[in-house]
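let's see this in three dimensions:
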Amino acid sequence: MTDRLPPVDQLTRSRERLRLALRSAGTTPPNAPRAGAGAGPATSAWPEFIQSIPGSGLVLGALGVWWAQHPWRVAAQVAAAALEAALAPTARRHPLGLVAGAFLAGGLLVWLKPWRALSTPALLGAVLPQILAQAAAQTPQRSWIDVLLAVLAQPQKPSDTA
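Numbers count the residues shown, from 1 in each chain. Here you go, the predicted structure:
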């Protein structure tokens, strides 16, 4: 008689196999940080948690493609480099002042509410087609054929015109 695992352990193993299968299927973006790659003691676990969510790699990949083509990407990279160069010495000398400045900047951001200027349909119109294209590219062709055959096999209901 073989030793059977309790259902909870079977479920845990099954979930881990699914996570590994999703990661190996290319659902994570190619530039996503890997576990242990440059991870320091201050690195949090939230990127790993987000990548463990099924389908999140698809959304993150589409956002990465969208941002790579965005005209403001270069300006944002230059601004980030300039801010880092300007704030690094200040952070070493006055870390509490930097935290207070970040607190004030966050308060200003909440007070101004710049996200209200974003148009949700325009944002979805920019990102949603890329998400759908990546999902279609990652779905095996046999699955598309099965879906098409299932739709065609359904009996059509007679319509009442009277």
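
what about residue 103, distance to residue 72?
26 Å (Cβ to Cβ, to the nearest Å). All C-beta spots, glycine's among them, are computed from the backbone N, C-alpha and C.

for the longest helix belonging to the chain, name the packing helices and strands.
Secondary structure of the chain per DSSP state H: the longest helix is helix 73-93. Helix 73-93 makes packing contacts with helix 95-112 when contacts are defined by 3 or more Cβ pairs under 8 Å, 6 or more residues apart in numbering; DSSP states H and E.

list of residues touching the helix it packs on?
87, 90-91 (Cβ atoms under 8 Å, 6 or more residues apart in numbering).

which residue ranges form the helices in this structure?
Counting by DSSP H, the helices of the chain are 7-24, 46-52, 56-69, 73-93, 95-112, 120-138, 141-153.

gap between the residue nearest the centre of the chain and residue 78?
A centroid search over the chain (Cα atoms, centre = their mean) returns residue 60, at 2.9 Å, as the residue closest to the centre. Distance of residue 60 to residue 78, given as Cβ to Cβ: 24 Å.

same check on residue 101?
Taken as Cβ to Cβ, the span from residue 101 to residue 78 is 21 Å.

then residue 124?
Distance from residue 124 to residue 78, by Cβ to Cβ: 28 Å.

likewise for residue 48?
30 Å.

more neighbours: which of these two?
Under the neighbour definition other Cβ atoms under 10 Å, residue 48 and residue 78 were set side by side, and residue 48 has more, 14 against 10.
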